[in-house]
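[1] Next comes the sequence, and after it the predicted model I'd like to discuss.
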Amino acid sequence: MPAIGCISLSAVCHPSPSMGEGHRQSDLGPGVPSSTLALLADLSIMAAQKRRGRTVTAPKLARILIVEDDPETASVFRQMLELHGYQVDVAHGSGQAMLKLSRSLPDLVLLDVMMPDVSGLEVCRYLRRDPKTAHLPVIIVSAKAQNEDIAEGLEAGATAYLTKPIPMEQLIRHIEAALSGSGR
């Protein structure tokens, strides 16, 4: 299978000082986060390969809960993971995630850090303290990319800490490692 990764979107987007860190102006509209643009590029490549009859990967039955407050980013992650054969559910905040986790445990949690209600770090700490979820692989995917942020995420109990934008191929490798038990 050919490598699938983030591609440069410099032709369609450029830094926007007025929008702040991590945002680009693009043909998609003002204020679209660069991480969303990179994920959309990956999704576009994968969809084109699927249309050409190429198998992206073998189907998987693992269930993944995405905890992401940005609806666009959550949607792109969902579509990419479903293209890879995963069953996906989305929680648009920590409270909704905890409710979903109380009803049914997924095989893995993909967790953002910066959310309006409760930090993803607090969610991760809670999951590690609860005997029912202490074993659950948790991959943090965050725009917070400083060494201190990564260390704090791993200390909170994350199986892995990845920074946005993340190439889909790299995310899939981390998910597969976490699900096989070699991610921690």
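    Perfect, thanks for sending it.
[2] any chance you could map the helices in the chain?
    34-51, 71-83, 94-103, 120-129, 147-155, 168-180 (DSSP state H).
[3] can you put those helices in TSV and add distance to residue 109, mean neighbour count and mean pLDDT?
    Bear in mind the C-beta positions are built from the backbone N, C-alpha and C, glycine included. Shown next, in TSV, are those (distance: least, C-beta to C-beta, whole Å; neighbours: other C-beta atoms under 10 Å; pLDDT from 0 to 100):
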stretch	distance to residue 109	mean neighbour count	mean pLDDT
helix 34-51	18	18	60
helix 71-83	12	18	94
helix 94-103	8	16	96
helix 120-129	7	20	98
helix 147-155	13	15	97
helix 168-180	10	18	94
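[4] Just put the ones you listed in JSON lines and tack on distance to residue 141.
    JSON lines is the format used below for the helices of the chain (distance: least, C-beta to C-beta, whole Å):
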{"stretch": "helix 34-51", "distance to residue 141": "9"}
{"stretch": "helix 71-83", "distance to residue 141": "8"}
{"stretch": "helix 94-103", "distance to residue 141": "14"}
{"stretch": "helix 120-129", "distance to residue 141": "9"}
{"stretch": "helix 147-155", "distance to residue 141": "10"}
{"stretch": "helix 168-180", "distance to residue 141": "7"}
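[5] Spatially nearest residue to residue 108, not counting backbone neighbours?
    residue 137 (4.6 Å; C-beta to C-beta, 6 or more residues apart in numbering).
[6] Let me fix that, I meant to ask about residue 150.
    Using C-beta to C-beta, 6+ apart, the closest residue to residue 150 is residue 161 (4.7 Å).
[7] Would you agree that neighbour is in contact with residue 146?
    No - using C-beta atoms under 8 Å, residue 161 is not in contact with residue 146, being 11.1 Å away.
[8] Those two - which one has more neighbours?
    residue 161 (24 against 9; other C-beta atoms under 10 Å).
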